[in-house]
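K.L.:
below are the sequence and a predicted model for it; my questions follow.
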Amino acid sequence: MDQQIQEIKQWLYQAGDKIKSSLSAELSIDEKSSRTDLVTNMDREIQNFLIDKVHQNYPEAKILAEENGYNELTSMSGEVFVIDPIDGTLNFVLEKENFCIMVGLYEEGRSKLGFIYNVMQDELYWGGRGYGVFCNEKQLERPEDKALTEGLIGMNAHMYLHNHYQAQAIGKRSMGVRMSGCAGIELIAVIKGARVAYLTNLSPWDYAAGCAILDAFDFRYSRIDGQSLSFNGREHFVAGTPKAYSQMIGML
Ligand code: 2AM
Ligand code: CA
């Protein structure tokens, strides 16, 4: 297992180096469902790189990933690598920072390991049940179980603007609302104790790695109705410290 962790960390550092060395080159950008839903040549290149690594090292494993027709699986049985090659593609294109590479490893639908690499900060957060949580080589303490009223909440801008699921009342009850445009960065903030919760609308590759890390701390996450995530299509998503999560589920 330790060898597996080192191996996957190396894939992510290598993928990050590819992105960093491409930053001065011109990007090829395509629209997917709308003018704000983009895919670049780097999303595709990084996904292909990570898929090749999985195929070479884990030929039996299944892959669920955002681009190139890998975005659906009929079931989460067996060993599954869930990959988001660039999480926060709009930030990548417009800011050249505040984006992550994410890999989650699941076995029979249960989280095993999660990796979220904030490339420009050179911070690789990883962990899993029984392993604890680390940033690069440094082990992190489990953050204090703070209530919603005691901390900041990350939120999806669209949900806050349109007050979906009482998002504005939830924001008011917290110490303040924050929006980064990158699910990985929001989930890292919860893992570090910088925020107490995250309320949004996500696809499986946006939440798989973060949820595996949250499991190491026994923090909570689910669909907004409290049901388990399906790993199939976009879902309204809530995560947080046990206290903040229960308060939010009571309000949603
Ligand atoms: P992505 O960059 O990998 O698409 C932005 O609020 C966050 O939500 C990002 O992590 C983004 O991931 C995710 N997201 C998922 N589906 C989205 C969509 N259709 N439009 C915008 N962001 C989306
Ligand atoms: Ca993505």
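P.N.:
Cool, the structure landed. Ligands and ions are numbered 1, 2, ... in the order given.

K.L.:
point out where the stretch 151-252 of the chain drops to low pLDDT.
P.N.:
For the stretch 151-252 of the chain, no stretch has pLDDT under 70.

K.L.:
contact residues of the stretch 101-250 of the chain facing ligand 1?
P.N.:
N156, G181, C182, A183, L202, S203, D206 (CB under 6 Å from any ligand atom). No exception for glycine: its C-beta is placed from N, CA and C like everyone else's.

K.L.:
for the spatially closest residue to the third one that is not a sequence neighbour, give me phi and psi.
P.N.:
In this case it means C182. In space, and not counting its chain neighbours, C182 is closest to G88: 3.1 Å by CB to CB, 6 or more residues apart in numbering. When read as degrees, to the nearest 10, the backbone of G88 gives phi 90, psi 50.

K.L.:
my guess is G88 meets N98, correct?
P.N.:
Yes: counting by CB atoms under 8 Å, G88 does reach N98; the two are 5.8 Å apart.

K.L.:
list residues touching both of those two?
P.N.:
S180, G181, C182, I185 (CB atoms under 8 Å, 6 or more residues apart in numbering).

K.L.:
keep only those of the residues of the stretch 101-250 of the chain next to ligand 1 that are in helices.
P.N.:
A183, D206 (DSSP state H).

K.L.:
sorry, back to before: strands - which of the shared contacts of G88 and N98 land there?
P.N.:
Of those, none are assigned to strands by DSSP state E.

K.L.:
and the furthest pair within those residues?
P.N.:
Pairwise distances among the shared contacts of G88 and N98 were taken by CB to CB; the largest, 8.0 Å, belongs to G181 and I185.

K.L.:
on that earlier part again, need the shared contacts of G88 and N98 in TSV (columns: distance to ligand 2 and neighbour count).
P.N.:
Listed next are the shared contacts of G88 and N98 as TSV, based on distance: CB to the ion, whole Å; neighbours: other CB atoms under 10 Å:
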residue	distance to ligand 2	neighbour count
S180	14	18
G181	12	18
C182	9	26
I185	13	23
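
K.L.:
how about the closest residue to G240 other than its chain neighbours, what does it touch?
P.N.:
Distances taken as CB to CB, 6+ apart place A197 nearest to G240, at 3.2 Å, with adjacent residues excluded. With contacts defined as CB under 8 Å, 6+ apart, A197 is in contact with 148, 151, 153-154, 174, 190, 238-241, 244-245, 248.

K.L.:
hmm, back to that, shared neighbours of G181 and I185, anything?
P.N.:
Shared contacts of G181 and I185, counting by CB under 8 Å, 6+ apart, come down to G88, N98.

K.L.:
follow-up on the earlier one: looking at the residues of the stretch 101-250 of the chain next to ligand 1, which is nearest D30?
P.N.:
S203 (17.7 Å).

K.L.:
what about the closest one, how many neighbours?
P.N.:
A count of nearby residues for S203, using other CB atoms under 10 Å, gives 20.

K.L.:
look up how far E45 lies from G69.
P.N.:
16 Å (CB to CB, to the nearest Å).

K.L.:
neighbour count for the two, which is higher?
P.N.:
E45 (17 against 6).

K.L.:
could you find the closest non-adjacent residue to that one?
P.N.:
K18 (6.8 Å).

K.L.:
same check on S228?
P.N.:
Using CB to CB, 6+ apart, the nearest residue to S228 is S222, at 6.3 Å.

K.L.:
got the buried residues for the strand or helix carrying the one you found?
P.N.:
Assigned by DSSP states H and E, S222 belongs to strand 220-223. Under the neighbour-count criterion of 16 or more other CB atoms under 10 Å, strand 220-223 has R220, Y221, S222 buried.

K.L.:
quick one: which of those is nearest D84?
P.N.:
Closest approach to D84 among the buried residues of strand 220-223 (CB to CB): Y221, at 16.2 Å.

K.L.:
my read: that closest one touches A212, true?
P.N.:
No: contact criterion CB under 8 Å: Y221 and A212 do not qualify, at 10.4 Å.
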